[in-house]
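**Q** I would like to see how this sequence folds:
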Amino acid sequence: MGIVRLPLIRLKSAASISTRLFSSSAAPIRRPWAHSSDSNEDSIGESAIYKRALKLQRPTTVQYHQSLSNSVSLIGAIEFPLKECKSLKFGVHTLLKVKASTGAFPHFRVMLKFWDELAEMSVQHLKPCDLVYVSGRLGSYTKVDENGKSIPFYEVRSRNFFAYYELLDIH
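**A** Predicted coordinates for the structure are as follows:
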């Protein structure tokens, strides 16, 4: 067996070896004064800067549609018999009593109006205590009380309804 000679490589200094062997430009530098979430990447690989940019970016924009403005859908009970509206075209109105999901009051009332063919159908089919699903446009009007103060009220101009006919009495 022979002896093999290896070429001897001359190194500049011991400091340059440790710098080349143990450093990387991609490795994060730990700073004791930095917050841990600022210096480390998250488990899914997102940096703190990227997360902050996501929080501050503008939300997606929904296109405006006239047909959807002030749209509302409610389920409630017809409170009073339907009365004819004082108008040039045929319409009826009543109050809808809606059970509130949260809040200080257990329910709220809203004026419900039907016009033209929908008014004719509602006169034939709806009576007090009927549970109905109503969709339409939410509007408002004001009335003046005995002290001269203007009080706002809200109404739904119905575009559609579905009656459940006395399935539930919420009075």
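
**Q** what about residue 79, how many neighbours?
**A** Neighbours of residue 79 under the rule other Cβ atoms under 10 Å: 17. To be clear about C-beta, it is placed using only N, CA and C from the backbone, and glycine gets the same treatment.

**Q** Kindly report the same for residue 82.
**A** There are 18 residues near residue 82, going by other Cβ under 10 Å.

**Q** What's opposite the closest residue to it other than its chain neighbours in the beta bridge?
**A** In space, and not counting its chain neighbours, residue 82 is closest to residue 92: 4.3 Å by Cβ to Cβ, 6 or more residues apart in numbering. In this entry, residue 92 is beta-bridged to residue 84, residue 114, by DSSP bridges.

**Q** likewise the one 5 residues further on?
**A** Beta-bridge partners of residue 97, counted by DSSP bridges, are residue 77, residue 109.

**Q** Quick check: the gap between it and residue 77.
**A** Noted for residue 97: a distance of 5 Å to residue 77, by Cβ to Cβ, to the nearest Å.

**Q** same question, residue 156
**A** 14 Å.

**Q** Residue 61: what secondary structure?
**A** coil (DSSP: H, G, I helix; E, B strand; the rest coil).

**Q** quick one: the strands in this protein?
**A** 71-78, 83-84, 91-99, 107-115, 131-144, 150-163 (DSSP state E).

**Q** mind putting these in JSON lines, distance to residue 55 and mean neighbour count included?
**A** Listed next are these as JSON lines, based on distance: least, Cβ to Cβ, whole Å; neighbours: other Cβ atoms under 10 Å:
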{"stretch": "strand 71-78", "distance to residue 55": "30", "mean neighbour count": "17"}
{"stretch": "strand 83-84", "distance to residue 55": "52", "mean neighbour count": "10"}
{"stretch": "strand 91-99", "distance to residue 55": "36", "mean neighbour count": "19"}
{"stretch": "strand 107-115", "distance to residue 55": "36", "mean neighbour count": "19"}
{"stretch": "strand 131-144", "distance to residue 55": "32", "mean neighbour count": "14"}
{"stretch": "strand 150-163", "distance to residue 55": "36", "mean neighbour count": "15"}
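
**Q** Many thanks, have a good one.
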